[in-house]
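> no sequence for this one, just the structure:
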C-alpha cells in the first residue's frame with residue numbers, strides 16, 4: 001500500500017502527518033509527504049525517515065510577508081497551481097491520498113486524486129472549519145462576518161459564499177488544466193459528507209450534525225524520543241520549574257516587545273523562563289541568567305518539566321501541553337487559536353488571555369491563574385484523559401478502508417467509502433461500489 005500525505009501550512013499542519021506516516025509505515029505502508037520546502041519541516045520528517053516532496057513556496061517566508069487580505073485570491077491561485085505538478089508526480093502509483101492544510105491547497109490535492117482516480121480523505125486538525133449549527137464559522141481576512149447576523153445557519157451559508165468568492169475561480173482554472181469540471185461549492189468539495197477530525201475528543205469534542213458524519217480519530221501525535229539539549233537540562237535542574245514561552249509559527253511582528261513582556265511577567269511570578277525563538281525569532285535581547293533560549297526542541301519532554309506553558313493556542317501545542325499535564329496561558333493570535341484558548345479556560349487547565357498583545361500586567365494576571373495549585377491539579381487530571389493512539393487509529397482505518405472499497409455519497413461528483421473510514425473515491429472508479 002502506497003500512501004501520499006499532502007499539506008500546506010505551518011508546523012502544526014506538518015507535525016501530525018509525521019505521526020501518521022510513522023504509524024502507517026509500521027503497518028506495512030509506503031509513505032511520502034507533500035509539504036512546504038521549509039528546512040525545519042524537512043529535518044523533522046527526516047528524523048523519522050519519511051521523505052518530503054517539497055511543494056510551493058516556503059511557508060515561513062509566506063507567513064512573515066504578511067500580505068494584504070485583498071491578495072488572498074491571487075495567493076490561493078498560486079498555491080493551487082503549485083500543488084498540481086509536485087502532488088501529481090508524487091501521487092502517481094499511490095493507492096490513497098490524505099489531504100489537509102490550507103483549504104485551497106487541500107482542494108488542489110483532492111483534485112489531483114480525482115484526476116488520477118485515487119481514493120482520498122480530507123482531514124482537519126480542529127473542528128472550526130466543519131459546518132455546525134451550534135457555533136459561528138471563522139471569518140476570513142478582509143471578510144468579517146456581519147455582527148448583526150446571529151443565525152448560525154445563515155452565517156455558514158455566508159461562509160460558503162466567501163470561500164467560493166476567494167477560491168473557486170482559482171480552483172476551477174486549475175481543475176480545467178487537469179481536464180476536470182468546475183466545482184459548485186468549494187467548501188463542500190473539500191469537507192465532503194464524512195470528513196476526518198484529527199483532534200482529541202476530550203479537548204475538542206464533536207457534537208455532531210445531521211449533515212456531516214465526522215470520523216474523529218484523536219490527535220495524530222508522534223512520540224518524541226529526542227533528548228533535551230545538555231544546556232537546557234542543566235538550566236531545568238538548577239532551580240524550580242520555569243515557565244515556557246513560545247509562539248510557534250506565528251510571525252509576531254512586535255516580537256521584541258512580546259519577548260520583553262513575557263520575561264517581565266514571568267519574573268513577576270518569581271519564575272525563570274524558557275523562551276522558544278520560533279518563527280518570530282523571540283529573544284530577550286541579552287544574556288540573562290533566568291532566561292534560556294531554545295530553538296527546535298522536544299516539547300513533549302520539555303513541557304513535563306515546566307510550571308506552565310505560555311503559547312499561541314495552536315492545536316498541536318495545546319494538545320502537547322495538555323498531555324504533559326502542564327498548566328497553560330493561551331495568547332491567541334489568529335484563526336482557531338481563540339477557540340483553543342476558550343477550551344483551556346473552560347477545562348480549568350489554564351487561562352485565556354484577552355487579545356493577542358499582552359502587557360506585563362495582563363500576562364502576569366493570566367500566569368497567576370495558571371500557576372495556582374488548583375489549575376495544576378486539574379491539568380494533571382486532564383492529562384490522563386487525552387488519547388495517545390490517534391495516529392494508530394487513523395492508520396488502521398485508512399488501510400482497512402482502502403482495502404474494503406465500501407463507499408457512500410460525497411458532494412462534488414465523489415462517492416464516499418465505508419461509514420467507518422470516510423475515504424473518498426472518484427465516482428466511476430473500480431473502488432466506488434455503492
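Thanks, I have the structure now. These figures come from a predicted structure and were not determined experimentally.
> buried residues in the helix or strand in which residue 165 is found?
Using DSSP states H and E, residue 165 falls within helix 152-177. Within helix 152-177, the residues scored as buried using 16 or more other CB atoms under 10 Å are 155-156, 158-159, 162-164, 166-168, 170-172, 174-175. To be clear about C-beta, it is placed using only N, CA and C from the backbone, and glycine gets the same treatment.
> among the residues you listed, which two are most distant?
The most widely separated members of the buried residues of helix 152-177, counting by CB to CB, are 155 and 174 (28.3 Å).
> hmm, back to that, now for the helix holding residue 165, which elements pack on it?
Counting contacts by 3 or more CB pairs under 8 Å, 6 or more residues apart in numbering; DSSP states H and E, helix 152-177 packs against helix 72-91, helix 103-116, helix 186-191.
> quick one: least confident helix or strand in this protein?
strand 407-410 (a mean of 36; mean pLDDT, DSSP states H and E).
> Residue 378 is in contact with residue 347, correct?
Yes: between residue 347 and residue 378 there is a contact under CB atoms under 8 Å: 7.0 Å.
> Now the helix or strand where residue 123 lies: average pLDDT?
Residue 123 belongs to strand 120-124 when assigned by DSSP H and E. Confidence over strand 120-124 (mean pLDDT, whole number) is 97.
> low-confidence ranges in the stretch 251-400 of the chain?
Applying pLDDT under 70 to the stretch 251-400 of the chain flags the ranges 253-255.
> Strands along that one, start to end?
Listed in chain order, the strands of the stretch 251-400 of the chain (DSSP state E, counting those that start in this stretch) span 273-276, 291-294, 308-311, 327-330, 350-352.
> any chance of these in JSON lines, with distance to residue 117 too?
Compiled in JSON lines, the strands of the stretch 251-400 of the chain are given as follows (distance: least, CB to CB, whole Å):
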{"stretch": "strand 273-276", "distance to residue 117": "44"}
{"stretch": "strand 291-294", "distance to residue 117": "46"}
{"stretch": "strand 308-311", "distance to residue 117": "42"}
{"stretch": "strand 327-330", "distance to residue 117": "43"}
{"stretch": "strand 350-352", "distance to residue 117": "46"}
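> And what about residue 57, helix, strand or coil?
Per DSSP: H, G, I helix; E, B strand; the rest coil, the local secondary structure of residue 57 is coil.
> Around it, how many other residues sit close by?
Number of residues near residue 57 (other CB atoms under 10 Å) recorded here: 17.
> From residue 273, how far out is it?
33 Å (CB to CB, to the nearest Å).
> Ok, residue 337 next?
The value you get for residue 337 to residue 273, if CB to CB is used, is 21 Å.
> One more: residue 172?
Using CB to CB, residue 172 is found at 50 Å from residue 273.
> Mind giving me the packing neighbours of the strand holding residue 123?
Strand 120-124 packs on strand 96-99, helix 103-116, strand 196-197, strand 424-426, going by 3+ CB pairs under 8 Å, 6+ apart.
> If I average pLDDT within each of the ones you listed, which one is lowest?
Taking the mean pLDDT of these, strand 424-426 comes last: a mean of 42.
> how many neighbours does residue 58 have?
Neighbour number of residue 58 under other CB under 10 Å is 15.
> Contact partners for it?
By CB atoms under 8 Å, 6 or more residues apart in numbering, residue 58 lies in contact with 36-38.
> what's the answer for residue 112, then?
83-84, 87-88, 91, 97, 118, 178.
> If any of those are buried, put those into a ChimeraX selection.
The buried residues among these can be selected in ChimeraX (16+ other CB under 10 Å) with this line:
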select :83,84,87,88,91,97,118
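> returning to what we had before: need the contacts of residue 58 in a markdown table (columns: neighbour count).
Formatted as a markdown table, those follow (neighbours: other CB atoms under 10 Å):
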| residue | neighbour count |
| --- | --- |
| 36 | 28 |
| 37 | 17 |
| 38 | 23 |
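> and which of the residues you listed is nearest residue 183?
residue 36 (24.1 Å).
> Distance check, residue 61 against residue 10.
Counting by CB to CB, the gap from residue 61 to residue 10 is 12 Å.
> between the two, which one's more packed in?
When neighbours are counted by other CB under 10 Å, residue 61 and residue 10 differ, and residue 10 comes out ahead with 23 against 12.
> Other residues contacting stretch 77-88?
Contact with stretch 77-88 is made by 4, 6, 8, 34, 53-57, 102, 104-105, 107-109, 111-112, 115-116, 167, 169-171, 173-174, 177-178, as judged by CB under 8 Å, 6+ apart.
> What's the mean pLDDT across it?
Averaging pLDDT along stretch 77-88 gives 90.
> cool, and stretch 212-220?
96.
> Now do the buried residues in it.
Buried residues in stretch 212-220, defined by neighbour count with 16+ other CB under 10 Å: 212, 214-220.
> do stretch 223-233 as well
224, 228, 232.
> Please identify the helix or strand for the last one.
To tie it back to what came earlier, the one meant is residue 232. Element membership for residue 232, per DSSP H and E: helix 230-237.
> That helix - contacts with which helices or strands?
strand 273-276, strand 291-294.
> Figure out how far the helix or strand that it is followed by is from the centre of its chain.
Going down the chain from helix 230-237, the next helix or strand is strand 243-245, by DSSP H and E. Between the centre of strand 243-245 and the centre of its chain there are 21 Å (CA atoms, centre = their mean, to the nearest Å).
> Which strands or helices does strand 243-245 pack on?
helix 255-268, strand 273-276, strand 308-311.
> Centre of the chain to the first one, how far?
Here the centre of mass of C-alpha atoms in helix 255-268, compared against the chain's by CA atoms, centre = their mean, lies 26 Å away.
> rewinding a little: and the helix holding residue 232, how far out from the chain middle?
Offset of helix 230-237 from its chain centre (CA atoms, centre = their mean): 30 Å.
> Give the ranges of residues in the stretch 51-200 of the chain that sit below the confidence cut-off.
66-68.
> cutoff 90 now
Along the stretch 51-200 of the chain, the parts satisfying pLDDT under 90 run over 60-83, 133-134, 139-143, 193-194.
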